[in-house]
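**Q** mind looking at a prediction? Sequence and model below.
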Amino acid sequence: MRTVLHIIRKEFLQIARDKFMSRAIILMPLLQMIILVYAATFEIKNIDLLIIDRDAGTMSTKLINTFNASDFFSVDKKNLNNSQINSALDKGMADVILIIPDKFEKRLYRGEKVDVQLLIDAVNGAAGELALAYCRATIAGFNKNILIREFGMRETSLSVIEISSRFWFNPYLDYKIYMAPGILVILITAIAWFLAGMNLVKEKENGTIEQLNVTPILKFQFILGKLIPFLIIALLELSFGLILAKILFNVPFEGSLLTLFVFTFVYLFAILGIGLFISTISQTQQQVLFVSFFFVMVFVLMSGLFTPVENMPRWGQVINGINPLAYYSRVIRMVLLKGSSFLDIKNEILIMFGYGVIVNILAVWRYRKTI
């Protein structure tokens, strides 16, 4: 045990002397939590809405004011012909174009059904769909108001069934509360995977690993001494990230932090094993970066951090069973936002523990074979 402690001490000294690694450990959580939580969002605000009002009546003005009152739209009013309208969409001058037809107000007072036209830039399908939903909701609200105020209809006659919604775990639908735990997953994974793997390969590049191999240090002692510092650093990064998430975004801690740290410990056991295995088949830090970047990108995109796993095809969900980030992203949100207990995540803990045992055995076997 004393030998392992000496190696751990040596590793911490090397990390402190390595300017790149020490800066990455400090700056990475700050930049990721402050920038990515705001940037990685599917919320759409300030939609560029161009309104073509061909009626210029009182009702059309009220409809325009309804859009102006919304926080989701940035409204601009112009008079364009059909060719100019198409050009405005082609040039990206507007995200949505609303065309109010001639005789809009007159037809309303006649009791006729009046159609307005929405032209939406749907290059980004998700953004286009949300913009359409916002426009429909705004127009529906305007329609309901004029039926009540202008035509004296009772509100009860407009809707037979009243729906009252309650959002659990994120009552105000704040996307930052959803994204902050996900960004923490990327942060912890990067620290444990990239830095640990690169640190081990650095011994090969410097030629010091041969010197260590001829010492009485056993291989398991060397591996433990190499990986434990990054396990400790990753847990400290998690603590720091949770503090930032609470201060900056008021992320609720509904569950036990002890439960989260226990699962994180098991998760890091698996991630460190993957980093160790990649380092045993690599000769340079550049090779570690290329191989790790490939797998991390795939794991992140399939983990459910940004898009629901349920939206994937069935074969993708099956393959996702070997994705450790998918388990961690699910568990961290369950614990922090839902208040899930140890019993609720016991299956994920067992799977991650088994995952860690397998990859670490493979890594140690490969390490013995190549060194």
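**A** Yep, that arrived.
**Q** for stretch 102-118, what is the average pLDDT?
**A** Per-region confidence: stretch 102-118 scores 87 on mean pLDDT.
**Q** first-to-last residue distance for it?
**A** The separation between the terminal residues of stretch 102-118, taken as Cα to Cα, to the nearest Å, is 15 Å.
**Q** contacts for that stretch, please.
**A** Outside of stretch 102-118, the residues that reach it under the criterion Cβ atoms under 8 Å, 6 or more residues apart in numbering are 54-55, 57-60, 63, 96-101, 132, 135, 139, 146, 150. To be clear about C-beta, it is placed using only N, CA and C from the backbone, and glycine gets the same treatment.
**Q** ok, now stretch 304-316?
**A** By Cβ under 8 Å, 6+ apart, the list of residues contacting stretch 304-316 reads 40, 42, 182, 185-186, 302-303, 317, 320, 325-326, 329-330.
**Q** just the strands in the stretch 101-250 of the chain please.
**A** Using DSSP state E, counting those that start in this stretch, the strands of the stretch 101-250 of the chain run over residues 117-120.
**Q** quick one: low-confidence ranges for it?
**A** For the stretch 101-250 of the chain, the stretches flagged by pLDDT under 70 are 150-163, 207-215.
**Q** does anything pack onto the helix of greatest length in the chain? Which helices or strands?
**A** Among all segments of the chain classified by DSSP state H, the helix with the greatest residue count is helix 219-249. Using 3 or more Cβ pairs under 8 Å, 6 or more residues apart in numbering; DSSP states H and E as the contact test, the elements touching helix 219-249 are helix 2-17, helix 19-31, helix 37-39, helix 175-190, helix 196-206, helix 257-280, helix 346-370.
**Q** hmm, residue 28 is touching residue 187, no?
**A** Yes - the pair residue 28 and residue 187 qualifies as a contact (Cβ atoms under 8 Å) at a distance of 6.3 Å.
**Q** those two - which one has more neighbours?
**A** residue 187 (21 against 18; other Cβ atoms under 10 Å).
**Q** so what's the more buried one up against?
**A** 28-29, 32-33, 237-238, 241.
**Q** switch to 6 Å and redo it
**A** When contacts are counted by Cβ atoms under 6 Å, 6 or more residues apart in numbering, residue 187 touches 29, 32, 241.
**Q** quick one: which of those is nearest to residue 8?
**A** Distance to residue 8, by Cβ to Cβ, is smallest for residue 29 among those, at 22.0 Å.
**Q** any idea how far that closest one is from residue 312?
**A** Remark: distance between residue 29 and residue 312 (Cβ to Cβ, to the nearest Å) = 29 Å.
**Q** which parts of stretch 131-144 are buried?
**A** 131, 134-135, 138-139, 142 (16 or more other Cβ atoms under 10 Å).
**Q** picking up where we left off before, residue 29 and residue 312: who's more crowded?
**A** With neighbours defined as other Cβ under 10 Å, residue 29 and residue 312 compare such that residue 29 has more, 24 against 15.
**Q** mind listing what residue 333 touches?
**A** Contact partners of residue 333, counting by Cβ under 6 Å, 6+ apart, are residue 181.
**Q** for it, what is the enclosing helix or strand?
**A** Element membership for residue 333 (DSSP states H and E) is helix 324-333.
**Q** can you give me the helices in the stretch 51-200 of the chain?
**A** With helices called from DSSP state H, counting those that start in this stretch, the stretch 51-200 of the chain shows them at 58-68, 82-90, 104-109, 125-149, 175-190, 196-206.
**Q** would you format those helices as JSON lines with distance to residue 115 included?
**A** What follows is these, written out as JSON lines (distance: least, Cβ to Cβ, whole Å):
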{"stretch": "helix 58-68", "distance to residue 115": "13"}
{"stretch": "helix 82-90", "distance to residue 115": "16"}
{"stretch": "helix 104-109", "distance to residue 115": "10"}
{"stretch": "helix 125-149", "distance to residue 115": "11"}
{"stretch": "helix 175-190", "distance to residue 115": "33"}
{"stretch": "helix 196-206", "distance to residue 115": "60"}
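**Q** can you say which of those is nearest to residue 268?
**A** helix 175-190 (7.2 Å).
**Q** check which helix or strand covers residue 48.
**A** Residue 48 is located in strand 47-53, with elements delineated by DSSP H and E.
**Q** which outside residues touch that strand?
**A** For strand 47-53, the surrounding residues in contact (Cβ under 6 Å, 6+ apart) are 60, 64, 72-77, 80, 94-100, 131.
**Q** what of stretch 164-184?
**A** 32, 36-37, 40-41, 43, 241, 245, 249, 251, 305, 329, 332-333, 336-338.
**Q** rerun that using 8 Å as the cut-off
**A** Contacts with stretch 164-184, where a contact means Cβ under 8 Å, 6+ apart, come from 32-33, 36-38, 40-43, 238, 241-242, 245, 249-252, 254, 305-306, 329, 332-333, 336-338.
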